[in-house]
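>>> What shape does this take:
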Amino acid sequence: HIDPESYSWEMSAKEGLLLWCQKKTSLYKNVNVQNFHTSFKDGLALCALIHRHRPDLLDYNYLRKDNAIYNLEWAFEVAERELDIPVMLDAGEVAGTMRPDERAIMTYVSSYYHYFASSQQASQAANRICKVLIVNQENESLMEEYQSLATGLIEWIMHMVPWIDSLREQRAGSKAEVTSRLEEFSAYRMTIKPTKTQEKGKLITEYNILQTTLRLSNRPAFSPVKGRTIADIEDAWEQLETVEQGVEHHLVQELVRLGRLEYLFNRFSLKCNSLAKWITESKNAIKKDIVNEFDLKKVLAKIKSDDAFDADMDTYRERLDQICNLSQDMVQQGFNKAGEVAARTQAMNGMWENLTTARTKYREDLDAGKEKQEKILEMRLAFAEKVSPFNNWLEGAIEDHKDLLMCHTIEDVNSLITAHEEFKACLSKFHNEFSDIQQAQHEIDTLATFGSNPFTHLNVTVLGKRWNELLQLIPERDSQLQDALIREKKKEELRREFGDQALNFMEWAEEENVIIAETTMGTALSLQDQLEYLDELVLELEEKRADYRDLESLDKMIEEEGIFNNPYTEYTMEGIRVAWGELHSAIKRQRTAVDNQILITESQGMTVEQVIELKAAFNHFDKNGDGILDHFEFRACLVSMGFNVDTEEHLVNEAVRSERQSDFERMLIIADPDCTGHVTFQGFRDFIALEGSDQDTAEQTITSFKVIAQDKRYITAEDIKRELPSDRADYCISRMPVYEGRDKVPGALDYMTFANSLYYEEECW
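Numbers count the residues shown, from 1 in each chain. Presented below is the predicted three-dimensional model:
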């Protein structure tokens, strides 16, 4: 696990940046960053860096290594749009150049580094956890490594001894079986055993290192369990070497005995299986075809396929002759399976004759089907030529009657009524055309018993539904036109009423702005008196809110009626909203200025900017302005600042609260130590200062895990692996118990129990 920020100052910028890229992309498929030229050509490394820090910005699993230009352009676009990193490279040049410009890529990648390095919350949490875990791991790792090596070596020896005996004692039934045994034994002696010999030496070395380490750290000497001592391993190794003698000579003799007989029989069987499969598949293909249900296109395709089948039959006839020749050779040589070979040959000849007969009948059926489908096709083409223009007219008429009425005056409505009456006068002509189409469809259905018209998707049923729909829409449009006349009169009344009220409200707003500007610039009042005067202005605005809401209601009615212009006023609701908001903003700006002056006198131990930020958050949730927060307000304030606190159920439900001390209760002990039921600004500031300090406690370790878990009450293996070095992550995952809360998901782990165990005397392995 590599952390670029922890390297010494001697490391060059290039090395540091390269190792940072390797750390962040080590878990990504098809990414192997070794340099700043070829390693970035396919774009996957850049996409992996973005996904590693911001997985919500792109789906890495969707990317392909062979689509380099797309990957590069996607990374450039996301970085520019979401991270404000300008595009410095050309995707085509990077992907198409054998060795891209190393300095240009380094410059661009460094922009990623500087951006992501700005947010260190998760890294800080991971570093805190690592410091705690290192202390608990150092002595355990050597013990676990010895136990693992010793157990693995003993189990391997116990497995190999009976396996070697079986190679010599069991009689083989085929050449392949003997060859397999010989290859397994040779592979064992050349590759497996030398590796295990090295493991044995390593095990003895690790044992001595372990004992020395424990002695230097004032720990008791390590005593392996029974059966895992160095003496036990030496005895098992001697037994293994005794069993290996004589196996290879036995296997070579068996190989020669079975080789010649299996060769001829295997060749014959392979050819028979191949030909039988082809004959069976060919007959099944013919049987499943029902020619009477084929349209013309499919009949012609089947005829063409049948012509090609002739060439295949000539080729497979040669294979049948080869099978007969092999059969004759084995029978003449007195093979012990000669009867089986002769019977198989006779069966293959019978299958061939059956295939020839079935194919002849199939071709006759195809020729008859072709003639019938050609006639049906001609009739369907004529039908399509009639139905298409009629359907176009019908769809256009339906769309016209479904369109919303676009009219803003009474003259517009009268014009639409005239056009509608002209349309109704020509309906009889199109009714006669529809009757002709119905007759043509009946003639086609009498001859064709299956299939659809390839020249059109339309039919009489579809056209009939659309015709009936049009007839229903005509009287509906009549009613809509009459309603439009009534609506135009109502719109005129709304325009006049809004104009009058808007004029009165905006004149008042202009006068109020003048009052705020003139009365808050003086310095005669104290800071507290200035705050009180601003509060009086806020009350005056609240009294005017009813008039503002009336204007909002009128504007909503105007919007619902579709009114876009109003000749009776120059004001719009958008301008009124801006004026209303500016009144509140003016008062808020004055109050903020006064608050800042007060904070400067109150700040102790913090910068003015820090105190201002805390005071703004505190005041936001101090709804009644009494200078204190009750516990519910305090909890809401913590949530707004990103703290992970419990749900409100822990505050009101005694049964839930009694299960454990909640995170919020722990915070209250700091912010409200006297249990007064409320939190002052001083208590709030003390809590923030304490939370920002770095402490080696179970509570802070739990908080660090919460950061990595993204404020969930559980954590997953993926969360841990994403932030911790691989060895630290594996350490946590192997020891962390399963989370049993009601909100658990598959793979959820209990980091709270684990963190507490690190600070108490418990067995960790």
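>>> so where's the stretch 451-600 of the chain shaky on pLDDT?
Where the stretch 451-600 of the chain drops to pLDDT under 70, the residues are 517-525, 596-600.
>>> And the helices in it, which stretches?
460-519, 527-560, 573-602 (DSSP state H, counting those that start in this stretch).
>>> burial measure for Arg317, as a count.
Arg317: 11 surrounding residues under other CB atoms under 10 Å. The C-beta positions use only the backbone N, C-alpha and C, and glycine is treated the same way.
>>> and it, what does it touch?
Arg317 makes contacts with Trp352, as judged by CB atoms under 8 Å, 6 or more residues apart in numbering.
>>> quick one, phi psi at it?
When read as degrees, to the nearest 10, the backbone of Arg317 gives phi -70, psi -40.
>>> what does Leu629 give?
Taking degrees, to the nearest 10, you get phi -120, psi 130 for the backbone angles of Leu629.
>>> If you drop the residues flanking it in sequence, what lies closest to it?
Once flanking residues are discounted, Leu629 sits nearest to Val679: 4.7 Å by CB to CB, 6 or more residues apart in numbering.
>>> Contact partners for Ile157?
Contacts of Ile157 (CB under 8 Å, 6+ apart): 236-237, 239-240.
>>> Mind giving me the ChimeraX select for those residues, buried ones only?
Filtering those down to the buried ones (16 or more other CB atoms under 10 Å) takes a single ChimeraX command:
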select :236,240
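>>> hang on, isn't Val538 packed against Ala586?
No - contact between Val538 and Ala586 fails when scored by CB atoms under 8 Å: they sit 11.1 Å apart.
>>> tell me the pLDDT at the closest residue to Pro673 other than its chain neighbours?
In space, and not counting its chain neighbours, Pro673 is closest to Gly683: 7.6 Å by CB to CB, 6+ apart. On pLDDT, Gly683 comes in at 83.
>>> Need the CA coordinates for the helix or strand containing Gly683. PDB is fine.
Per DSSP states H and E: Gly683 is located in helix 681-691. C-alpha atoms of helix 681-691 as PDB (Å, rounded to 0.1, in the frame of the first residue of the first chain):
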ATOM      1  CA  PHE A 681     -22.800  28.800  21.800                       C
ATOM      2  CA  GLN A 682     -19.800  28.400  24.100                       C
ATOM      3  CA  GLY A 683     -20.600  24.700  24.600                       C
ATOM      4  CA  PHE A 684     -21.100  24.300  20.900                       C
ATOM      5  CA  ARG A 685     -17.700  25.900  20.100                       C
ATOM      6  CA  ASP A 686     -16.000  23.700  22.700                       C
ATOM      7  CA  PHE A 687     -17.500  20.500  21.200                       C
ATOM      8  CA  ILE A 688     -16.300  21.500  17.600                       C
ATOM      9  CA  ALA A 689     -12.800  22.200  18.900                       C
ATOM     10  CA  LEU A 690     -12.600  18.800  20.700                       C
ATOM     11  CA  GLU A 691     -13.900  16.900  17.700                       C
END
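>>> How much space separates the residue of the chain most remote from its centre from Phe632?
Distance to the chain centre peaks in the chain at Gln332, reaching 67.1 Å (criterion: CA atoms, centre = their mean). As judged by CB to CB, to the nearest Å, Gln332 and Phe632 stand 101 Å apart.
>>> Pro454 now?
Look at Pro454 and Phe632: by CB to CB, they are 71 Å apart.
>>> before we move on, back to that, can you pull the buried residues of the helix holding Gly683?
For helix 681-691, by 16+ other CB under 10 Å, it's 681, 683-688, 691.
>>> ok, of these, which one's closest to Leu251?
Glu691 (72.5 Å; CB to CB).
>>> Val538 and Ala586: who's more crowded?
Set Val538 next to Ala586 and count neighbours by other CB under 10 Å: Ala586 wins out with 17 against 13.
>>> Which residue comes closest to the more buried one once chain neighbours are left out?
Going by CB to CB, 6+ apart, Ala586 has Ile516 as its nearest residue, at 5.0 Å.
>>> residues touching that neighbour, list them.
If you count contacts by CB under 8 Å, 6+ apart, Ile516 has them with 537, 583, 586-587, 590.
>>> could the residues you listed be laid out in CSV, adding distance to Leu270?
Listed next are the contacts of Ile516 as CSV, based on distance: CB to CB, whole Å:
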residue, distance to Leu270
Leu537, 99
Leu583, 93
Ala586, 94
Ile587, 94
Gln590, 96
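>>> which of the residues you listed sit farthest apart?
Among the contacts of Ile516, Leu583 and Gln590 lie farthest apart (CB to CB), at 11.6 Å.
>>> that older thread, work out the gap between the helix holding Gly683 and the centre of the chain.
From the chain centre to the centre of helix 681-691 is a distance of 40 Å (CA atoms, centre = their mean, to the nearest Å).
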